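In: Build me a model from this:
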Amino acid sequence: MSEQTLLQPIQAANPEKANICLEQARLAHEKYLVSQQNTDLQEAIECYIDAVKYDPTRPEAYYRLAALMWEQGQISIDTAIEQCKTAISLAPQNINAHMYTGFFMKLAQDFKSAEKEFKSAIKMGKLNSARPRLVLSQAILQKINTEKATFSDYIGFVYYFLSGSLMLAWDKPSMKMFCKNMSDDFSVFTYNTVGKFLEKFKLYPTAENIYRKALTATNHGEIFYDKMGDIALKNKDLDLTVDCYRKVLESNPQNREVLIKLATVLQTYFPENSDEAIDCYEKLLKFDIDTAQIYYELGHLYLKKEDKINSISAFKLALEQDSENPFYNNSLAYAYSKAELYDDAIEHYQKAIALNPDTEWTSIVCQALGTIYAEVKGNIEAAISTYQAGIILDPNNYDLLLSLGDVFMASYDLDSAIRTYCDAIMLNPEDYRGYSKAGIALWEKDYLEEALVSFHKSVDLNPDNEFAQNNLGIIYLDGLGDAEEALEYFENAVEINPNYTLAYFNAGRASQEMGFINDAANYYQMAIDLNKITNELDEDDIRTRLHRLFDI
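Out: Next up is the predicted model:
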């Protein structure tokens, strides 16, 4: 059976046939309860559907059919609620319609709406309202077990339980069944209360043991695996966290809260499990709640998998529901840039910047957009203006200052580059990158002493920066003519990075200058071998230098 069958009954008024179908459905349902034969359940469902076809105004057909089809997993809780609401619209004074609606709302953990429906049934039943009172007390107890309860919740539970019990005293079969259910709920309440108390005082191992006992003592593993998962997450036991949340979903695949938790943990801590996280988010889409945010998270998961098409699709679906969200625009722009669709990326980066939800965040977006202008479009003016706009938004964005300096260097505006790098150094004097970049600009400007100071500072801050070591060697070799000092820095560079082709070449030059022919030859040969992979240098030039070493 499909949900459409339930949602769209064929209107053909025939009350007599509807009565016959309802009676057949009732008998089939009773047989199912006794024999647990699925054929009886299917017969009951088909008879209720026939009843709706013959008389679409019979409320009991809707709420009973909703209950049976939900039990079979043929419809969702939301659809069951809608059908029960249809029954209420047909018969506003039907107590059972309100009770069934409240029951499904309770399952959906919409306790406020469920209470409203149960109270409506109580008001209609007056002195014959034992069942709705007791069911309401159960709903309140479930709320206490799963949410942060108020004092009025406890009072309400006691009131409706006691008043319902008094009214139901003469109905022994119902009372026996209800007491059995209440006994289980009280067990849940007890373990839950003790566990919460222990958690409050951060006695997490003891609380976890209580919840483990509850797993075997009650029939509510869903509740206690959830709590164990939360404790494991606090203790950074991520494997146990995921295992507990998975067990919750084995019991109830429709637990939206746990689906969110599991998806978040997998996405944050288990990037290799992106497929499972995607599956969780796709299940969350069926609830039709916060779908834009879900598509947004899916987009990032697809990006991690380098699935560019699906990431773009997911971000676009998020934007369809919230076109003015700057974060969605930014992520879509990034996905477009990964797919090398740069014009589309520029459009959405510009929109994200225009929306400007936060100056620091927007300055970072300006940096991303400026990089496309500079490195892809070759539009230096647009890159500079974009970077400058970002700096106005956040004058403390160190990386943005470096990027602006790089653009000035690319256009050979050395004065502006030096000035910008110096601004970056003043902003963050403990970061080696600003000194290293400033050193290159100063060297290009023939400010030899200043470049030397800048590179020395960069190396002092980060001795493992092979590029600064190599550049410092170049200044000593080509600027000061000190081959011995230069060789020390070139050797440092190749020690840090054994695949640094240029440093081997420079070490060869320094060795040649000092007359160390064999060392120079070895360095040149290493440069030739590595250059076949890196293609950094002109191999003919290196070979010419190598051969000249042995010219008579």
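In: from here on, contacts and neighbour counts on C-alpha atoms
Out: OK.
In: centre of the chain versus stretch 461-480, how much separation?
Out: Relative to its chain's centre, stretch 461-480 lies at 43 Å (Cα atoms, centre = their mean, to the nearest Å).
In: again with stretch 89-104
Out: The gap between where stretch 89-104 is centred and where its chain is centred comes out at 38 Å by Cα atoms, centre = their mean.
In: for Pro463, what are its contacts?
Out: Taking Cα atoms under 8 Å, 6 or more residues apart in numbering as the criterion, Pro463 is in contact with Gln469.
In: Next one: it from Leu487, what distance?
Out: 16 Å (Cα to Cα, to the nearest Å).
In: now swap in Leu369 and tell me
Out: Distance from Leu369 to Leu487, by Cα to Cα: 41 Å.
In: for the stretch 401-550 of the chain, what spans make up the helices?
Out: 414-427, 432-444, 448-461, 466-474, 483-496, 501-514, 517-534, 539-548 (DSSP state H, counting those that start in this stretch).
In: Mean pLDDT, distance to Ile77 and mean neighbour count added to these, as CSV?
Out: Below are the helices of the stretch 401-550 of the chain laid out as CSV (pLDDT from 0 to 100; distance: least, Cα to Cα, whole Å; neighbours: other Cα atoms under 10 Å):
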stretch, mean pLDDT, distance to Ile77, mean neighbour count
helix 414-427, 97, 57, 20
helix 432-444, 97, 58, 24
helix 448-461, 96, 61, 20
helix 466-474, 96, 62, 26
helix 483-496, 96, 62, 21
helix 501-514, 95, 65, 24
helix 517-534, 94, 61, 19
helix 539-548, 91, 71, 14
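In: looking at the ones you listed, which is closest to Tyr245?
Out: helix 432-444 (44.6 Å; Cα to Cα).
In: neighbouring contacts of that closest one?
Out: 402, 409, 414, 417-418, 421-422, 424-425, 448, 450-455, 457-459, 461-462, 468, 471, 475.
In: quick one: low-confidence ranges for this protein?
Out: 1-13, 32-38, 72-73, 168-186, 552 (pLDDT under 70).
In: Can you give me the domain assignment for it?
Out: Listed domain ranges for the chain are 1-91, 358-462 (source: automatic domain parsing).
In: Val376 - how many residues pack around it?
Out: Val376 sits with 11 neighbouring residues when counted by other Cα atoms under 10 Å.
In: Repeat that for Ala80.
Out: Ala80 - counted by other Cα under 10 Å - has 28 other residues nearby.
In: From Gln74, how far off is it?
Out: 10 Å.
In: With Leu27 instead?
Out: For Leu27 relative to Gln74 (Cα to Cα), the value is 21 Å.
In: Equivalent analysis for Ile81, please.
Out: 14 Å.
In: Between these two, which has more neighbouring residues?
Out: Taking other Cα under 10 Å, Ile81 and Gln74 do not tie; Ile81 has more neighbours (21 against 16).
In: So which elements touch whatever helix or strand the more buried one lives in?
Out: Using DSSP states H and E, Ile81 maps to helix 77-90. In terms of contacts (3 or more Cα pairs under 8 Å, 6 or more residues apart in numbering; DSSP states H and E), helix 77-90 is packed against helix 3-7, helix 59-71, helix 95-107.
In: Generate a markdown table for those helices, with distance to Gly390 as supplementary columns.
Out: Converted to a markdown table, these look like this (distance: least, Cα to Cα, whole Å):
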| stretch | distance to Gly390 |
| --- | --- |
| helix 3-7 | 52 |
| helix 59-71 | 54 |
| helix 95-107 | 49 |
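In: can you redo the ones you listed as JSON lines with mean neighbour count?
Out: Formatted as JSON lines, the helices and strands packed on helix 77-90 follow (neighbours: other Cα atoms under 10 Å):
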{"stretch": "helix 3-7", "mean neighbour count": "14"}
{"stretch": "helix 59-71", "mean neighbour count": "23"}
{"stretch": "helix 95-107", "mean neighbour count": "24"}
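In: wait, which of the ones you listed is closest to Phe197?
Out: Across the helices and strands packed on helix 77-90, closest to Phe197 is helix 95-107 (Cα to Cα), at 25.3 Å.
In: so which of the helices and strands packed on helix 77-90 gets nearest Ile20?
Out: Among the helices and strands packed on helix 77-90, helix 59-71 comes nearest to Ile20, with 12.0 Å by Cα to Cα.
In: what angle do that closest one and helix 77-90 make?
Out: 170 degrees (axes from the mean of the first three to the mean of the last three Cα atoms, to 10 degrees).
In: now helix 59-71, how far from the centre of its chain.
Out: 36 Å.
In: now swap in stretch 398-405 and tell me
Out: That offset, for stretch 398-405, works out to 30 Å (Cα atoms, centre = their mean).
In: can you list contacts of that stretch?
Out: Stretch 398-405 has contacts (Cα under 8 Å, 6+ apart) with 363-364, 367, 371, 384, 387-388, 390-391, 416-418, 420-421, 423-424, 427-428, 434.
In: buried stuff in it?
Out: Tyr398, Leu400, Leu401, Leu402, Ser403, Leu404, Gly405 (16 or more other Cα atoms under 10 Å).
In: rewinding a little: the domains of the chain into CSV, with extra columns for distance to Ile533?
Out: Output for these, formatted as CSV (distance: least, Cα to Cα, whole Å):
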stretch, distance to Ile533
domain 1-91, 59
domain 358-462, 24
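In: For Cys244, which of the ones you listed is the nearest?
Out: Short answer: domain 1-91, nearest of the domains of the chain by Cα to Cα, at 23.4 Å.
In: CA atoms only for stretch 50-70, dumped as PDB, please.
Out: Output of stretch 50-70 as PDB, limited to C-alpha atoms (Å, rounded to 0.1, in the frame of the first residue of the first chain):
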ATOM      1  CA  ASP A  50     -12.600   0.000   1.000                       C
ATOM      2  CA  ALA A  51     -14.600   1.700   3.800                       C
ATOM      3  CA  VAL A  52     -13.000   5.000   3.000                       C
ATOM      4  CA  LYS A  53     -13.800   4.500  -0.700                       C
ATOM      5  CA  TYR A  54     -17.500   3.800   0.000                       C
ATOM      6  CA  ASP A  55     -17.900   6.500   2.600                       C
ATOM      7  CA  PRO A  56     -15.100   9.100   2.900                       C
ATOM      8  CA  THR A  57     -16.900  10.700   5.900                       C
ATOM      9  CA  ARG A  58     -16.300   7.900   8.400                       C
ATOM     10  CA  PRO A  59     -13.700   9.100  10.800                       C
ATOM     11  CA  GLU A  60     -12.900   5.800  12.400                       C
ATOM     12  CA  ALA A  61     -11.700   4.400   9.100                       C
ATOM     13  CA  TYR A  62      -9.000   7.100   8.900                       C
ATOM     14  CA  TYR A  63      -7.500   6.800  12.300                       C
ATOM     15  CA  ARG A  64      -7.700   3.000  12.500                       C
ATOM     16  CA  LEU A  65      -6.200   2.700   9.000                       C
ATOM     17  CA  ALA A  66      -3.500   5.100  10.000                       C
ATOM     18  CA  ALA A  67      -2.600   3.000  13.000                       C
ATOM     19  CA  LEU A  68      -2.400  -0.200  11.000                       C
ATOM     20  CA  MET A  69      -0.500   1.200   8.100                       C
ATOM     21  CA  TRP A  70       2.000   2.900  10.400                       C
END
